[in-house]
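Student: pasted the sequence and its predicted model underneath.
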2 protein chains.
Amino acid sequence: MRFTAEITSDGVCERPFTLGDITGVLWSPAATADPSDGAQGSPLVLIGHGGGQHKKAPGVVARAHRYVTACGFAAAAIDAPGHGERPKSESDQRSIATFRERMAAGEPVYSQIASYNAELATRAIPEWQATLDALTSAGYRGPTAPVGYFGLSMGATLGVPLVAAEPRITAAVLGLAGLTGHDTLAEAAALITIPVEFLLQWDDQQIPRDRGLALFDAFASREKTLHANAGDHADVPRFELDSSQRFFARHLTT
Amino acid sequence: MRFTAEITSDGVCERPFTLGDITGVLWSPAATADPSDGAQGSPLVLIGHGGGQHKKAPGVVARAHRYVTACGFAAAAIDAPGHGERPKSESDQRSIATFRERMAAGEPVYSQIASYNAELATRAIPEWQATLDALTSAGYRGPTAPVGYFGLSMGATLGVPLVAAEPRITAAVLGLAGLTGHDTLAEAAALITIPVEFLLQWDDQQIPRDRGLALFDAFASREKTLHANAGDHADVPRFELDSSQRFFARHLTT
């Protein structure tokens, strides 16, 4: 893991890093004397970006800043395979071209995108796990510090199997995703027992409502909350950022 | 409107009242010099209790205290017809006996209770409106002060038509209720355009999940949020009280 810079502003220290092929960013409170001693055991929130976005998309950065400044947590994001600074494979490019053609023709792309994301997840999960290992080894996360995961849309389709596979993650905000026919997501969701806050947009043109509700239903968590808001895929209300902050504060601090 | 007592504790002044047959309670900040001058235009939250409960059920009192102490609002509750201090009619007694028999026999009572509540609503709506008129005339609510409504279960089945009929109510938290076959509730919900926070229990043994979702769907509000939590009818998590407080603070204060 190689940190390539250190930029401090508004009380937040931002450290871009690389780890093999992975490109990522770590955010932590600027006030912390030496965050790499990991001594405080501050909680860490992993933030998964949406499809076509990247680790420093405005929504990701705003969210990271909020968790750092309001909760004193650290936050980390990595580019998903084929996103941000990472090269797209020929297969990535073919898939994306197909989505664009279908969308331009007004055809539904829900199932195609879901299969593409399922394939991406098999690549993204070990990358998130390697990132978590490396942040821990480098001392930016205490060995037993709680970890949360946030991801909507593609960030949830990659996040559900990640959360199912990774016992260090103990609370997750997920959403804007749904079950499909050929469902590895359903199997992963059934393995999840940690507290989940799940966001759904009631008038989502991309995610059929019943598929979203079915995914929420599939989580085995004893504590799970669905927040469904009026509006389309991109219309998640701003107060849900506050809500996710309270959710992580409740579950990641003792 | 006759106030029968004035009890102050924990920063809250509680004033039981009668208005014709109606028995109710008003809560307001104890620090307020003279709340009956209505000058501050403080928001007022009306709290509708659940079936078989009453205006001073522990949940109602705790909620009223929270809105008063955390938001500086006033809050009011009245006994629904046949509840609390109010006599049950022969018809009320017959209906309740029928519910008990069916429940004891393990038979579903959802439709029966829904019809009973629909009938109760025709009596309760003018009572809530008279209460609001009287509190305004008596100076406990400023003439243009914002009004919110909170009600779950029976408090929602009475609340949905009340909110639809009463333009002074500008934000509502409702839930644990659903559409039925013979639906005046659906018509009322379609008239509601104010912000609504709607609670649903995902494993509710009394309200079929699809009926609850259908009621949420029926609201015409541009801003509506569904909070669905794992658990049965009585298991609404405590953090939903915090959420309703923030919802009312957001919508009833300028």
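Tutor: That came in fine, so what should we check first?
Student: which residues of the stretch 101-250 of chain A score low on pLDDT?
Tutor: A:181-182 (pLDDT under 70).
Student: what residues does it have near chain B?
Tutor: Residues of the stretch 101-250 of chain A lying near chain B by C-beta under 8 Å from any C-beta of the partner chain: A:200, A:202, A:213, A:216-217, A:221-230, A:237, A:239, A:242-243, A:246, A:250. Any C-beta I mention is one placed from the backbone N, CA and C, and that applies to glycine too.
Student: if we use 6 Å, what do you get?
Tutor: A:224-230 (C-beta under 6 Å from any C-beta of the partner chain).
Student: which of these fall in strands?
Tutor: A:224-229 (DSSP state E).
Student: now the buried members of these.
Tutor: Listed as buried from these are A:224-229; burial here means 16 or more other C-beta atoms under 10 Å in any protein chain shown.
Student: between which two of those residues is the distance greatest?
Tutor: The two members of those with the most space between them (C-beta to C-beta) are A:K224 and A:N229, at 16.8 Å.
Student: so what's the residue nearest the centre of chain A scoring on pLDDT?
Tutor: Nearest to the geometric centre of chain A sits A:G48, at 2.3 Å (C-alpha atoms, centre = their mean). pLDDT, A:G48: 98.
Student: how many neighbours does A:A165 have?
Tutor: 16 (other C-beta atoms under 10 Å in any protein chain shown).
Student: residue ranges of the helices in chain A, please?
Tutor: A:58-71, A:90-104, A:110-137, A:154-165, A:184-189, A:209-218, A:239-252 (DSSP state H).
Student: keeping just the C-alphas, turn the fourth one into PDB.
Tutor: Presented in PDB, the C-alpha positions along helix A:154-165 are these (Å, rounded to 0.1, in the frame of the first residue of the first chain):
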ATOM      1  CA  MET A 154     -23.800  -0.700  -8.100                       C
ATOM      2  CA  GLY A 155     -22.200   0.100  -4.700                       C
ATOM      3  CA  ALA A 156     -24.900  -2.200  -3.200                       C
ATOM      4  CA  THR A 157     -24.700  -4.900  -5.800                       C
ATOM      5  CA  LEU A 158     -21.000  -5.200  -5.000                       C
ATOM      6  CA  GLY A 159     -21.700  -4.500  -1.400                       C
ATOM      7  CA  VAL A 160     -24.200  -7.200  -0.600                       C
ATOM      8  CA  PRO A 161     -21.800 -10.100  -1.400                       C
ATOM      9  CA  LEU A 162     -18.900  -8.200   0.200                       C
ATOM     10  CA  VAL A 163     -20.800  -7.700   3.500                       C
ATOM     11  CA  ALA A 164     -21.900 -11.400   3.400                       C
ATOM     12  CA  ALA A 165     -18.200 -12.500   2.900                       C
END
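Student: nearest to chain B: which residue in the stretch 51-200 of chain A?
Tutor: Here the stretch 51-200 of chain A gets closest to chain B at one residue, A:L200, 8.0 Å apart by C-beta to the nearest C-beta.
Student: give the contact list for that residue.
Tutor: Each residue near A:L200 by C-beta atoms under 6 Å, 6 or more residues apart in numbering or on different chains is listed here: A:175, A:212, A:228.
Student: residue contacts, the last one?
Tutor: The neighbourhood of A:A228, defined by C-beta under 6 Å, 6+ apart, consists of A:200, A:202, B:226.
Student: thinking again about what came up before, who is the residue of the stretch 51-200 of chain A closest to chain B paired with across the strands?
Tutor: A:A228 (DSSP bridges).
Student: any idea how far it is from A:L226?
Tutor: A:L200 is 6 Å from A:L226, where distance means C-beta to C-beta, to the nearest Å.
Student: equivalent analysis for A:R168, please.
Tutor: Applying C-beta to C-beta to A:R168 and A:L226 gives a distance of 25 Å.
Student: one step back: could you dump the contacts of A:A228 into a markdown table and include distance to B:V163?
Tutor: Shown next, in a markdown table, are the contacts of A:A228 (distance: C-beta to C-beta, whole Å):
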| residue | distance to B:V163 |
| --- | --- |
| A:L200 | 24 |
| A:W202 | 19 |
| B:L226 | 16 |
